[in-house]
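K.L.:
Got a predicted model here, sequence first, then my questions.
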Amino acid sequence: MDWEHQRITAALTKAQVEQSPNIDTEKPVSRQHETAYYGYYGYTPYWAGDYLWGVYPYPYLGAGPALGAAELAREQRWNWAKEREDPHLRSAHAVTGYYIQATDGDIGHVEDFLVDDQSWAIRYMLVDTTNWWAGKKVLVAPAWIKRVDWGESKVHVTVTRAQIKTSPEYEPTRPVERAYETRLYDHYGHPRYWRE
C-alpha cells in the first residue's frame, strides 16, 4: 500500500489482469465465479482452510516466504460456516446506507467499512447514529452481524441500542489504535479478534 500516492501495487502483470475472468460487478459473485478467478490466478481459495485467507491468516500468493507454523498458530481462526451456507459475495458499496437493526430496534445506518491493510480483513462497519438522536459514529465488528436482510435493506446485529449508543465514539480523522479497539471490545463484552 502506498498511502501517500493512493496506490495499491499488485503482484500481477497488466496482461494477467486484462485476461482474467470477467465478473459482472452489478451482480453478486457466486462460488463458480470465485472458483474460475482463483483457478486462473493459481491462488489457494479462502474457503479451503480455517483462516481468513484459507490455509493462511494473511494473503499469500506464493510471491514471498510462507508464514511459519509458529506465526500461523498465533493467528485467530475464522468461522466460515455462514459463508459456506450462502457462497455469494456482494459489494460493500451495496450495503452502504442500510439501516442497523439492533436486538431491540433501529439505531443507525451503515456509512462505511474499515479494512485492515495487512490482512485485508473487513475489521469494522462504520455506523452513523445521528438520525436517531444527537448521535455519533461508532464501529461494529462483522462478527457481531447476525444477518443482512437484502429485501428490507437492514443489517441485523447482536448488540443492543443502548450498547451502540454508549459505545466509544469513532473519530474518522484518527487511526484506529489497539487501545481504542480494546475499549470497544470490552464495552460490547465480545472476544477480541487479536491475541495479546
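P.N.:
Everything's here; your move.
K.L.:
For the chain, which segments count as strands?
P.N.:
99-102, 105-115, 122-128, 137-140, 145-149, 154-157 (DSSP state E).
K.L.:
Can you convert those strands into JSON lines and add a column each for mean neighbour count, distance to His187 and mean pLDDT?
P.N.:
C-beta here means a position set from N, CA and C on the backbone, and glycine is covered the same way. As requested, those are arranged in JSON lines below (neighbours: other Cβ atoms under 10 Å; distance: least, Cβ to Cβ, whole Å; pLDDT from 0 to 100):
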{"stretch": "strand 99-102", "mean neighbour count": "21", "distance to His187": "14", "mean pLDDT": "94"}
{"stretch": "strand 105-115", "mean neighbour count": "18", "distance to His187": "15", "mean pLDDT": "93"}
{"stretch": "strand 122-128", "mean neighbour count": "20", "distance to His187": "13", "mean pLDDT": "94"}
{"stretch": "strand 137-140", "mean neighbour count": "22", "distance to His187": "10", "mean pLDDT": "94"}
{"stretch": "strand 145-149", "mean neighbour count": "15", "distance to His187": "17", "mean pLDDT": "93"}
{"stretch": "strand 154-157", "mean neighbour count": "20", "distance to His187": "14", "mean pLDDT": "95"}
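K.L.:
For Arg90, find the nearest of those strands.
P.N.:
Distances from Arg90 to each of the strands of the chain were compared by Cβ to Cβ, and the smallest falls on strand 145-149, at 8.2 Å.
K.L.:
Dump stretch 14-22 to PDB, restricted to CA.
P.N.:
Listed next in PDB are the C-alpha coordinates belonging to stretch 14-22 (Å, rounded to 0.1, in the frame of the first residue of the first chain):
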ATOM      1  CA  LYS A  14      -1.200  -6.000 -16.800                       C
ATOM      2  CA  ALA A  15      -1.800  -8.900 -19.200                       C
ATOM      3  CA  GLN A  16      -2.900 -11.200 -16.400                       C
ATOM      4  CA  VAL A  17      -5.400  -8.700 -15.200                       C
ATOM      5  CA  GLU A  18      -6.700  -7.900 -18.700                       C
ATOM      6  CA  GLN A  19      -7.200 -11.700 -19.500                       C
ATOM      7  CA  SER A  20      -8.700 -12.600 -16.100                       C
ATOM      8  CA  PRO A  21     -12.300 -14.000 -15.900                       C
ATOM      9  CA  ASN A  22     -14.900 -11.300 -16.300                       C
END
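K.L.:
and it, average pLDDT?
P.N.:
Across stretch 14-22, the average pLDDT comes to 85.
K.L.:
Check stretch 31-41 too.
P.N.:
76.
K.L.:
how far is that stretch from where the chain is centred?
P.N.:
For stretch 31-41, the distance from its own C-alpha centre to the chain's C-alpha centre is 20 Å (Cα atoms, centre = their mean, to the nearest Å).
K.L.:
and Tyr124, what does it touch?
P.N.:
Tyr124 makes contact with Phe113, Leu114, Leu139, Val140, Ala141, Pro142, Val176, according to Cβ atoms under 8 Å, 6 or more residues apart in numbering.
K.L.:
mind checking how far it is from Thr182?
P.N.:
When distances are taken as Cβ to Cβ, to the nearest Å, Tyr124 and Thr182 turn out to be 14 Å apart.
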